[in-house]
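Undergrad: Sequence and predicted model, in that order:
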Amino acid sequence: MAEVRAEIVGNVWKVVAREGDRVADGDTLVILESMKMEIPVLTEDEGVVTHLKVSEGDVVREGDLIAVIE
């Protein structure tokens, strides 16, 4: 099991992955918007997205859980 956490404070601009999706290292899970920049949140693990903890429009803080991959 791997947890993907936010590395910055930002708004969830777009959710790319969905629960049940198979992902590989380097795949984009969500795109955050911070200071008018779009920052992709990438997975470093391969597996299935079992929990997606954010929705479009949510505000995340550094360290917040974005997704769980198993």
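TA: Cool, got the structure. Residues are numbered from 1 along each chain as shown.

Undergrad: How many neighbouring residues does the residue nearest to E46 when sequence neighbours are not counted have?
TA: Among residues not flanking E46 along the chain, A24 sits closest, at 4.9 Å (Cβ to Cβ, 6 or more residues apart in numbering). Every C-beta, even on glycine, is put in place using the N, C-alpha and C of the backbone. A count of nearby residues for A24, using other Cβ atoms under 10 Å, gives 9.

Undergrad: Hmm, A24 is touching V49, no?
TA: No. Taking contacts as Cβ atoms under 8 Å, A24 lies outside contact range of V49: 11.5 Å.

Undergrad: which residues are contacting stretch 36-47?
TA: The contact list for stretch 36-47 (Cβ atoms under 8 Å, 6 or more residues apart in numbering) reads 2, 4, 6-8, 10, 13, 22-33, 66-67, 69-70.

Undergrad: Between the two ends of it, what distance do you get?
TA: Distance across stretch 36-47, first residue to last, is 31 Å (Cα to Cα, to the nearest Å).

Undergrad: And for stretch 59-66?
TA: 11 Å.

Undergrad: ok, and for it, which residues are buried?
TA: Neighbour counts using 16 or more other Cβ atoms under 10 Å place V60, D64, I66 of stretch 59-66 among the buried residues.

Undergrad: Please apply the same query to stretch 30-44.
TA: For stretch 30-44, a neighbour-count test (16+ other Cβ under 10 Å) marks V30, I31, L32, I39, V41, T43 as buried.

Undergrad: where's the second one relative to E70, distance?
TA: Read that as I31. In this view, I31 and E70 are 23 Å apart by Cβ to Cβ, to the nearest Å.

Undergrad: dump the residue contacts of the residue nearest to M1 when sequence neighbours are not counted.
TA: Spatially, and ignoring its direct neighbours in sequence, M1 is nearest to E70 (5.0 Å; Cβ to Cβ, 6+ apart). E70 is in contact with M1, A2, G47, V48, T50, counting by Cβ under 8 Å, 6+ apart.
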